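what would the 3D arrangement of this be:
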Amino acid sequence: MGLKSNKRGVAVVFDWIFSIVAGVLVFSFLIYFAVQHTDLFGKVTARVVAEELDVLFSGYETSEVKTALDLGRKVELEFNCSRGVQQFRVNGKDGKTFWDKIIFSPDLVEGEKIDVATFSWNVPFRAANFIYLWDRRYEFEDAPINFDFFEPQKIKNKVEKVKFSKPVNSNFNCDFAEKDTKTIYYDIKEGEYQGYVCFNGKDDTPVKFFGEAMMMGAIVTDKDNFICAKELINKKLEIMKRVFENKKNNLVTSNKFCNEDYSIIVGRIPTKVDQLDNYVFGFLKDKNTELIIKGCASVY
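Numbering: from 1, shown residues only. Next comes the predicted model:
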């Protein structure tokens with residue numbers, strides 16, 4: 001009897017231990033599956049958002065628009081630049097590389113709704129459409145124009161101060177910039193803005209911009225992404241110069257009377273932002289107008 005009772009007791013103990021082990025294994029499997037399941041759908045969501053944003057940006061690239069993207073859920077977009085190529089990631093996972101777009105944005109944009117806009121960059125010919133993304137409110141000090149463009153469509157918790165100033169002693173530098181405040185030094189001639197940006201206040205090295213569209217890009221982006229965008233803009237200028245050179249060659253064949261004017265204007269088209277200033281801008285605009293007055297086809 002005692003032996004049978006002991007066997008029965010041992011069997012009960014083993015059944016109990018087996019149940020615990022089996023339960024732990026099942027529970028562990030469920031946790032593992034849940035984690036993998038969540039990560040899987042996290043990746044799928046990131047990939048879908050990335051693809052949709054890429055398509056959306058392609059549509060915005062050819063028009064001027066301002067709107068708010070309603071993503072339906074809180075999303076984090078990380079923007080960075082690698083070897084002169086802009087990239088973004090969604091929620092730290094999948095993303096896209098932009099091969100032919102110029103985007104100005106903070107390095108991290110997050111929220112269910114994100115402001116997005118486009119603006120044309122003309123120098124004086126149209127060279128590109130810039131895309132802007134931001135998720136914060138901006139406070140402007142001494143702004144040269146009314147930046148309704150950046151009025152938020154809803155109240156944002158993040159607030160950034162941007163200060164504008166005329167150049168000190170006819171020089172653009174960061175010596176007089178306010179500490180830890182983005183300062184944009186600008187001048188305006190021929191109806192166009194040019195200047196330098198001190199992204200990190202007085203301890204920074206200024207970065208040149210040209211045109212209202214680039215100045216607006218400096219408002220929303222950080223220094224690294226701005227410099228990256230500037231490199232891409234230089235590539236756009238190189239492409240535009242080749243386009244106008246090809247057009248000039250065709251025009252020369254059809255109208256030799258205007259040959260010299262065509263050569264002069266195309267020869268002055270810059271291939272770098274740092275080559276652009278108000279004199280070059282005014283020269284190109286005036287020479288193009290003169291071509292039209294003389295009865296020649298315009299270059300742009």
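
from here on, just use CA atoms for contacts and neighbour counts.
Noted.

shaky segments in the stretch 51-200 of the chain?
Low-confidence regions of the stretch 51-200 of the chain, defined here as pLDDT under 70, cover residues 51-64, 94-95, 152-155, 169-170.

quick one: strands adjacent to the helix or strand harbouring residue 120?
Here residue 120, judged by DSSP states H and E, is contained in strand 108-122. Note on strand 108-122: by DSSP bridges, its sheet partners are strand 66-82 (antiparallel), strand 126-134 (antiparallel).

mind putting those strands into a markdown table with mean neighbour count and distance to residue 188?
Below are those laid out as a markdown table (neighbours: other CA atoms under 10 Å; distance: least, CA to CA, whole Å):
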| stretch | mean neighbour count | distance to residue 188 |
| --- | --- | --- |
| strand 66-82 | 16 | 25 |
| strand 126-134 | 21 | 19 |
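
same list (these) but as TSV, adding distance to residue 99.
Shown next, in TSV, are these (distance: least, CA to CA, whole Å):
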stretch	distance to residue 99
strand 66-82	11
strand 126-134	14
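
list the buried residues for the strand holding residue 120?
With burial defined by 16 or more other CA atoms under 10 Å, the residues of strand 108-122 counted as buried are 108-111, 113-122.

contacts only, for residue 188.
Contacts for residue 188 (CA atoms under 8 Å, 6 or more residues apart in numbering) come out as 194, 278.

that one is in what secondary structure piece?
Assigned by DSSP H and E, residue 188 falls within strand 182-189.

show residues contacting the very next helix or strand once past that strand.
As assigned by DSSP H and E, the chain's next helix or strand after strand 182-189 is strand 192-198. The contact list for strand 192-198 (CA under 8 Å, 6+ apart) reads 172-174, 177, 182-188, 204-212, 215, 218, 277-278.

strand 192-198: what's the following helix or strand?
The C-terminal neighbour of strand 192-198 among helices and strands, as given by DSSP H and E, is strand 207-210.

got the angle between the helix or strand just after that next one and strand 182-189?
The first helix or strand that comes after strand 207-210 along the chain, using DSSP H and E, is helix 212-220. Orientation of helix 212-220 against strand 182-189 (axes from the mean of the first three to the mean of the last three CA atoms, to 10 degrees) gives an angle of 170 degrees.

what's helix 212-220 packed up against?
Packing contacts for helix 212-220, counted by 3 or more CA pairs under 8 Å, 6 or more residues apart in numbering; DSSP states H and E, involve strand 102-104, strand 108-122, strand 126-134, strand 192-198.

end to end, how far does stretch 205-224 reach?
12 Å (CA to CA, to the nearest Å).

how about it: buried residues?
Going by 16+ other CA under 10 Å, stretch 205-224 has these buried residues: 206-223.

quick check: closest non-adjacent residue to residue 262.
Sequence neighbours aside, residue 248 is the residue nearest to residue 262 in space, at 6.0 Å (criterion: CA to CA, 6 or more residues apart in numbering).

any idea which element the one you found lies in?
Assigned by DSSP H and E, residue 248 belongs to helix 223-254.

for the following helix or strand past that helix, packing partners?
Toward the C-terminus, helix 223-254 is succeeded by helix 259-267 as the next helix or strand (DSSP H and E). Applying 3+ CA pairs under 8 Å, 6+ apart, one finds that helix 259-267 contacts helix 223-254, helix 278-293.

in contact with residue 163, which residues are there?
Counting by CA under 8 Å, 6+ apart, the residues that residue 163 touches are 140, 141, 142, 143, 181, 182, 183, 184.
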